[in-house]
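**Student:** predicted structure and sequence below. I'll ask about it afterward.
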Amino acid sequence: MSVTGRIHSIETCGTVDGPGIRFVIFTQGCPLRCKYCHNPDTLKISEGKNMTVDELIQEIEKYKSYMDFSGGGVTVTGGEPLMQPKFVKELFRQCKERGIHTALDTSGYIPLEHAKEVIQYTDLILLDIKSFDYQTYKELTGVSNEPTLELAKYLSDIGKPMWIRYVLVPNLTDNPDHIEALAQFIKDLKTVEKIEILPFHKMGEYKWEELGYNYELKETPAPSKELVDSVKEIFKKYNLKV
């Protein structure tokens, strides 16, 4: 029988979750409770819909010519895809059989042993490091940043390419000392291809309201261009591509 996963939604021609044109699958379920989450409707794994790997592969193959032409592929994001490791592993295994590039967008908050089975079929990891400072990370997400940092070191050790994603939130993740510490950590990783600075936005606020959740960042502004540029300079100081 085909392996089944819990899916929130699909984007057939995404351009922001990895290289080229990508078939993006949003999985259901996430162990983090990020204050700025723009997909709060993906948090509960009991919601969404069931889809088999075979069903998804049939849809993915319709877009293979676009992927091949643009250097794209399939990205699995969420939610947190690594909450469903056997499903993502089988999906990526079948993608690799068909010569399709695979990317995993993850917070890394999962036991490393569970992640390894997925990583062997993954070409690129989009690793979301929300803060290098333990207390800030805990305040922001409700969990520890240690599994994420452990995964980053493992990816470096095995030679797996990764992009580091950092959401810049004024008065929350903009502490220059914390960003400097993150840059120092990243510079010692051998397989980081680039850093993506993602400016905070409130496009998901209406979802919080619809779901009856308390959105704590109502008064938080988007970061200014000057703030974004200053953060970029911290990473560039360590010869990191931003």
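**Tutor:** Looks like it arrived, so ask away.

**Student:** how far away is residue 76 from residue 58?
**Tutor:** Distance from residue 76 to residue 58, counting by CB to CB, to the nearest Å: 16 Å. (Glycine included, C-beta is placed from N, CA and C.)

**Student:** low-confidence stretches in the protein?
**Tutor:** 1 (pLDDT under 70).

**Student:** grab the most central residue of it for me.
**Tutor:** residue 105 (3.0 Å; CA atoms, centre = their mean).

**Student:** so it bridges to which residues?
**Tutor:** residue 126 (DSSP bridges).

**Student:** who's more crowded, residue 76 and residue 58?
**Tutor:** residue 76 (30 against 10; other CB atoms under 10 Å).

**Student:** any idea how far residue 126 is from the more buried one?
**Tutor:** For residue 76, the distance to residue 126 - CB to CB - is 10 Å.

**Student:** give me the common contacts of those two.
**Tutor:** 103-105 (CB atoms under 8 Å, 6 or more residues apart in numbering).

**Student:** identify, by residue count, the longest strand of the protein.
**Tutor:** strand 4-14 (DSSP state E).

**Student:** what helices or strands is the helix or strand following that strand leaning on?
**Tutor:** For strand 4-14, the succeeding helix or strand toward the C-terminus, using DSSP states H and E, is strand 22-27. Packed against strand 22-27 by the contact rule (3 or more CB pairs under 8 Å, 6 or more residues apart in numbering; DSSP states H and E) you find strand 4-14, helix 53-61, strand 73-77, helix 85-97.

**Student:** among the ones you listed, which comes closest to residue 169?
**Tutor:** strand 73-77 (19.3 Å; CB to CB).

**Student:** shouldn't residue 156 be within a strand?
**Tutor:** No - using DSSP: H, G, I helix; E, B strand; the rest coil, the assignment for residue 156 is helix, not a strand.

**Student:** that one: what's it in contact with?
**Tutor:** Counting by CB under 8 Å, 6+ apart, the residues that residue 156 touches are 162, 188-192.

**Student:** not counting residues beside it along the chain, what's closest to residue 132?
**Tutor:** residue 182 (3.7 Å; CB to CB, 6 or more residues apart in numbering).

**Student:** hmm, residue 130 and the one you found touching each other?
**Tutor:** No - assessed by CB atoms under 8 Å, residue 182 is found out of contact with residue 130, at 10.0 Å.

**Student:** show me what the host helix or strand of residue 186 is packed up against.
**Tutor:** Per DSSP H and E: residue 186 is located in helix 176-187. On a contact count with 3+ CB pairs under 8 Å, 6+ apart, helix 176-187 meets helix 146-158, strand 162-168, helix 225-236.

**Student:** one more time with 7 Å, if that's ok
**Tutor:** helix 225-236 (3 or more CB pairs under 7 Å, 6 or more residues apart in numbering; DSSP states H and E).

**Student:** ok, now how distant is residue 147 from residue 96?
**Tutor:** If you go by CB to CB, the gap between residue 147 and residue 96 works out to 25 Å.

**Student:** hmm, back to that, need the shared contacts of residue 76 and residue 126 in CSV with distance to residue 213, can you?
**Tutor:** Shown next, in CSV, are the shared contacts of residue 76 and residue 126 (distance: CB to CB, whole Å):
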residue, distance to residue 213
103, 29
104, 27
105, 22
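
**Student:** let me know the closest of these to residue 52.
**Tutor:** Of those, the one sitting nearest to residue 52 (CB to CB) turns out to be residue 104, at 19.3 Å.
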